[in-house]
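[1] predicted model, plus sequence, below.
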Amino acid sequence: MMSHQFSSGRSALVRAELVRRVETTEHVRANPMRRRWVAIASIIAAGVTAGGAMTAAASAGWVWPNSDVAPLPGAAVSTPLSEAGTLTGSGDGMLNLSDAPDGSTDLSVVFTCGAAGSYGWGTSPEEIAPLRCSAGDTVSNNFALAPDVEELLIQGDADNSWSLAWRFVETKHQPLSTNASGETLGVSDGETTEVPDLVAVVGRTDTGELVDGYSRASDLAQPNPAPTSPEEALRFQEENRKNFPEGREVPVYKSDGATRIGTFTVQTH
């Protein structure tokens with residue numbers, strides 16, 4: 001059995017990952033078309049950060065994706081396979097990816113906006129994600145490398161300056177932990193990795209203090225069945241907002257899955 005201790009420095013990461021996972025927890029084993037309608041409803045109802053899996057970076061320096069020195073069970077961990085490189089420009093730009101070292105699974109990037117405005121980036125024109133930011137804002141992301149991925153494209157107005165730090169990495173997921181009852185616990189991306197029985201969350205105690213713990217995946221799942229069309233997905237979203245206007249509260253436990261230590265609120269809007 002493996003136990004895991006939280007640190008307060010990872011609370012924001014856990015919360016950010018959970019927001020992304022909650023909407024898909026119930027539907028991990030559903031077919032791709034059913035998951036598609038869930039994603040559409042989530043985007044329309046809640047909005048998404050430009051670039052999908054972007055993570056806010058600290059103003060004091062670069063924060064690389066999946067670089068936690070003590071990752072949670074199930075979390076992705078990226079091991080650098082190259083030194084960090086930098087690229088600066090304005091308007092449109094391109095980073096050639098042909099020299100990726102053997103074993104590279106992702107391109108890890110930290111993007112800094114030099115001026116307020118609209119930008120875009122992606123590994124193909126069809127995959128470019130929009131990004132609006134202020135001068136000095138920094139975001140990070142991992143782009144999966146595939147045989148047909150040859151470049152990272154940056155788009156922006158001619159007077160929009162930017163800088164990019166990048167490195168090639170190999171990304172692997174940590175194994176999930178298991179408690180004495182045989183329940184799995186940790187985090188999951190909801191698509192390529194197993195959803196644990198107990199999902200890491202940041203909740204609040206009965207006295208209002210933040211607490212790191214675990215909520216059951218079955219409790220976090222939406223109360224509605226998986227939607228089968230965009231219209232049904234939107235209707236389910238509206239029903240959840242009506243039934244749980246302040247969010248839906250679920251218990252937070254210690255890793256044993258039995259000792260309640262707080263409450264996590266699943267936002268429905």
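    Nice, thanks for sending it over.

[2] point out where the stretch 151-269 of the chain drops to low pLDDT.
    Filtered on pLDDT under 70, the stretch 151-269 of the chain yields the residue ranges 191, 223-224, 226, 268-269.

[3] ranges for the helices of it?
    Here the stretch 151-269 of the chain has its helices, by DSSP state H, counting those that start in this stretch, at 217-220, 230-243.

[4] what residues of the first one count as buried?
    Using 16 or more other C-beta atoms under 10 Å as the burial criterion, the residues of helix 217-220 that qualify are Ala217, Asp219, Leu220. In this view, the C-beta of every residue, glycine as well, is placed from N, C-alpha and C.

[5] next up, the contacts around Glu83.
    Taking C-beta atoms under 8 Å, 6 or more residues apart in numbering, we find Glu83 in contact with Arg167.

[6] mind checking which helix or strand it is in?
    Here Glu83, judged by DSSP states H and E, is contained in no helix and no strand.

[7] return the most buried member of the helices of the stretch 151-269 of the chain.
    helix 217-220 (a mean of 18; mean count of other C-beta atoms under 10 Å).

[8] same list, the buried residues of helix 217-220, but as a markdown table with distance to Ala165 please.
    Formatted as a markdown table, these follow (distance: C-beta to C-beta, whole Å):
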| residue | distance to Ala165 |
| --- | --- |
| Ala217 | 35 |
| Asp219 | 39 |
| Leu220 | 34 |
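
[9] out of these, the closest to Phe236 would be?
    Of all the buried residues of helix 217-220, Phe236 sits closest to Leu220, with 15.3 Å by C-beta to C-beta.

[10] wait, isn't the closest one in contact with Val250?
    Yes - with contact defined as C-beta atoms under 8 Å, Leu220 reaches Val250; the gap is 6.1 Å.

[11] where do the contact lists of those two overlap?
    Phe264, Val266.

[12] pLDDT weak spots in the stretch 1-150 of the chain?
    Checking the stretch 1-150 of the chain against pLDDT under 70 turns up 1-61.

[13] which parts of it are strands?
    Remark: strands assigned in the stretch 1-150 of the chain by DSSP state E, counting those that start in this stretch are 55-56, 76-80, 85-90, 93-96, 106-113, 117-122, 129-133, 138-144.

[14] return the most buried member of the ones you listed.
    Of all the strands of the stretch 1-150 of the chain, strand 106-113 carries the top mean neighbour count, a mean of 23, counting by mean count of other C-beta under 10 Å.
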